[in-house]
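> The following block contains a protein sequence and its predicted model.
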Amino acid sequence: MTTASAVRAALKGQQIETPSWAYGNSGTRFKVFAQQGVPRDPFEKIADAAQVHAFTGVAPTVSLHIPWDKVADYAALAKHAADLGVRIGAINANVFQDDDYMLGSVTNPDPRIRRKAVDHLLECVDVMDGTGSRDLKLWFSDGTNYPGQDDIRARQDRLAEALAEVYARLTGEQRLILEYKFFEPAFYTTDVPDWGTAYAHCLKLGERAKVVVDTGHHAPGTNIEFIVAFLLREGKLGAFDFNSRFYADDDLMVGAADPFQLFRIMHEVVRGGGLDPASEVAFMLDQCHNIEPKIPGQIRSVMNVQEATAKALLVDADALAAAQRAGDVLGANAVLMDAYNTDVRALLAELRDEAGLAPDPMAAYARSGYAERIKAERVGGTQAGWGA
Ligand code: LRH
Ligand code: MN
Ligand code: MN
């Protein structure tokens, strides 16, 4: 059984990355509700991410999305982050918001457009070099809408070729992490629709290529914890994009729709050694706060991941293994449910206190006056948002 001190150490060591785009305005295709005080540029997004870290103590990195976070001097952006106590995390490429990509980016039938897309991915590796980021995170909106529109098999060949070129450009500790999603914006075929496709491409590429599991990217009813268990066992789980969903890719706060699913996922992470820093599994959020305030939305999300992790760490692994060996179906299930039903909030508050943080990050942030300050200061200019 995991000892109390091991549980505490694991919780203290877990790091959760927040996405720059969570701090900007976002919405659905029907309406973006602008909020006051949102960042006007990537520097201000990083300042907001630094607040999440300041109050939770476990969110020291922030992912960028290029070109949403394009700046002239990436070293200056990295220095700005360091000055605020955070670092640049994954670099997300964006080959889905250009007219040229209507029929695809790296899988487009037109070689000129494929070249343009791959050049962007290579440019993202330059950004990694400039910021010290380890991960190049790739998600492709590529696919087709109608049967016969393009050759499914040829598109896989083009994808493999593009990925190989980008992978060859990586140096040192850098990784290529490949995200899948079953549909949207393509509605008939998607070129990287599932973990199996992502896994097969990563396997061919090599050791530094791994799969990203975005929890909102599966068909309803998919057993995500099985995918997590499988990928971890194969050493191919690169990262999570955490969020929650009721319908499709809703990008709601992680743990909001189905905290039990999040616990089951974290149980497999713990079981498979995914909390060990050597496993290099990155715990990232990929969310949009369309109607709730953004910084508190991120703080709450970080806390939700911590709570699910704490419960997963409290699973009595010896008792579970004994019940499983004995074929004790109900006993094994009870061991898991005991952990899930444990209230871990006091434990996490205690750990924050020990780390010199306020035990309740939500209340501490509200008291800090930061929200009022940015509302007053960030007037004028264009507010950054999802896609801007
Ligand atoms: C695609 C996705 C991917 C993008 C992000 C903005 O749905 O999950 O991770 O980079 O949304
Ligand atoms: Mn994602
Ligand atoms: Mn998504």
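Great, that's in hand. Ligands and ions are numbered 1, 2, ... in the order given.
> List the contacts of residue 307.
255, 259, 344-345, 348 (C-beta atoms under 8 Å, 6 or more residues apart in numbering). To be clear about C-beta, it is placed using only N, CA and C from the backbone, and glycine gets the same treatment.
> Check residue 224 too.
With contacts defined as C-beta under 8 Å, 6+ apart, residue 224 is in contact with 213, 215, 218, 261, 264-265.
> So which of those residues is surrounded by the most neighbours?
Neighbours here are counted as other C-beta atoms under 10 Å. On that basis the top member of these is residue 265, with 28 neighbours.
> and that residue, which of the three is it?
Here residue 265 is helix, with the state taken from DSSP: H, G, I helix; E, B strand; the rest coil.
> Same check on the one 4 residues further on?
Reducing the assignment to helix, strand or coil with three-state DSSP, the entry for residue 269 is helix.
> What score does it have for pLDDT?
Reading off the per-residue confidence, residue 269 sits at a pLDDT of 98.
> what do you get for residue 381?
Looking at residue 381, its pLDDT stands at 63.
> same deal with residue 384?
Per-residue pLDDT puts residue 384 at 73.
> can you check residue 1 too?
Residue-level confidence at residue 1 comes out at 49, pLDDT.
> now stretch 183-198, how far from the chain's geometric center?
The gap between the average C-alpha position of stretch 183-198 and the chain average comes to 18 Å, counting by C-alpha atoms, centre = their mean, to the nearest Å.
> mind listing what residue 163 touches?
Contacts for residue 163 were tallied using C-beta under 8 Å, 6+ apart; they are 106, 138, 176, 178, 201, 205, 209.
> To which secondary structure element is it assigned?
When secondary structure is defined by DSSP states H and E, residue 163 falls within helix 152-169.
> Work out the gap between that helix and the centre of the chain.
Going by C-alpha atoms, centre = their mean, the spacing between the C-alpha centre of helix 152-169 and its chain's C-alpha centre is 23 Å.
> List the buried residues in it.
Applying a neighbour-count criterion of 16 or more other C-beta atoms under 10 Å, the buried positions in helix 152-169 are 155-156, 158-160, 162-163, 166-167, 169.
> Direction included, what does the very next helix or strand once past it pair up with?
Remark: after helix 152-169, the chain's next helix or strand is strand 175-179, criterion DSSP H and E. Strand partners for strand 175-179, identified by DSSP bridges, are recorded as strand 135-139 (parallel), strand 209-214 (parallel).
> Just confirm yes or no for the last one near ligand 2.
Which is strand 209-214. Yes: contact of strand 209-214 with ligand 2 is found when judged by C-beta under 5 Å from the ion, involving residue 214.
> For the closest residue in space to residue 237 that isn't next to it in sequence, list the residues it contacts.
Distances taken as C-beta to C-beta, 6 or more residues apart in numbering place residue 231 nearest to residue 237, at 3.8 Å, with adjacent residues excluded. Neighbouring residues of residue 231 by C-beta under 8 Å, 6+ apart: 195, 199, 210-211, 213, 237.
> can we see that at 7 Å?
Contact criterion C-beta atoms under 7 Å, 6 or more residues apart in numbering gives 195, 199, 211, 237 as the residues in contact with residue 231.
> Go through the strands paired with strand 175-179 and name the closest to residue 226.
The closest approach between residue 226 and any of the strands paired with strand 175-179, judged by C-beta to C-beta, belongs to strand 209-214 at 11.0 Å.
> what inclination does the closest one have with respect to helix 152-169?
Counting by axes from the mean of the first three to the mean of the last three C-alpha atoms, to 10 degrees, strand 209-214 points 110 degrees away from the direction of helix 152-169.
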